[in-house]
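# with the sequence up front, the predicted model follows.
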Amino acid sequence: MTTATIAGSQVELNDEGFFEDPEQWTEDMVPELAANEDIHELDDKHWQVIRFMRQEYFAHGTGPTVRALGKTSGVSVKELYQLFPKGPAKIAARIAGIPKPKGCI
């Protein structure tokens, strides 16, 4: 576990960079978290996915897989890979401040 300062707040991250406590996350942290993933411009689709990931995590205890994300978020799988090229579910979860979704490598 690591302590990091993101947008001026101290947060606990696991060894893969996922938040230990999703309640520590704020939307103000998103630009910095996204930049850490080489995503430097966030559009409405990014925010749609990030907010959807958090909603699903708090409703079901885990974030959705890429397939479920593409079916239920309103953003197609093709778009997800354009928005989060290095792995949509994993990267979006990291930016959304939730644990790595089950099924992600």
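Cool, got the structure.
# a strand runs through T3, doesn't it?
Yes: under DSSP: H, G, I helix; E, B strand; the rest coil, T3 sits within a strand.
# partners of it in the sheet?
For T3, the beta-bridge partners are E12 (DSSP bridges).
# any idea how far P99 lies from Q24?
12 Å (CB to CB, to the nearest Å). Glycine gets a C-beta too; all of them are placed from N, C-alpha and C.
# now do the helices in this structure.
Taking DSSP state H as the criterion, the chain carries its helices at 30-36, 44-60, 66-72, 77-83, 88-96.
# can you find the helix or strand of this protein with the lowest average pLDDT?
Here the helix or strand of the chain ranked lowest by mean pLDDT, DSSP states H and E is helix 66-72, holding a mean of 92.
# that one - contacts with which helices or strands?
For helix 66-72, the packing partners by 3 or more CB pairs under 8 Å, 6 or more residues apart in numbering; DSSP states H and E come out as helix 44-60, helix 77-83, helix 88-96.
# list of residues touching that helix?
Residues outside helix 66-72 that contact it (CB atoms under 8 Å, 6 or more residues apart in numbering): 49, 52-53, 56, 64, 75-77, 80, 87-89, 92.
# how about stretch 34-52?
17, 30-31, 64, 69, 72-75, 79-80, 83-84, 86, 88, 91-92, 94-96.
# of those, just the buried ones, ChimeraX syntax please.
Here the buried members of the contacts of stretch 34-52 are turned into a ChimeraX selection, burial being counted by 16 or more other CB atoms under 10 Å:
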select :30,31,64,69,73,75,79,80,83,84,88,91,92,94,95,96
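# before we move on, the earlier item: ranking the helices and strands packed on helix 66-72 by burial, who's on top?
helix 88-96 (a mean of 25; mean count of other CB atoms under 10 Å).
# can I get it in CSV, CA atoms only?
This file holds the C-alpha atoms of helix 88-96, laid out as CSV (Å, rounded to 0.1, in the frame of the first residue of the first chain):
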residue,chain,number,x,y,z
PRO,A,88,-10.9,0.4,-20.7
ALA,A,89,-12.3,-1.3,-17.6
LYS,A,90,-9.0,-1.3,-15.7
ILE,A,91,-8.0,2.3,-16.6
ALA,A,92,-11.4,3.7,-16.1
ALA,A,93,-11.7,2.0,-12.7
ARG,A,94,-8.3,3.5,-11.7
ILE,A,95,-9.4,7.0,-12.7
ALA,A,96,-12.8,6.5,-11.1
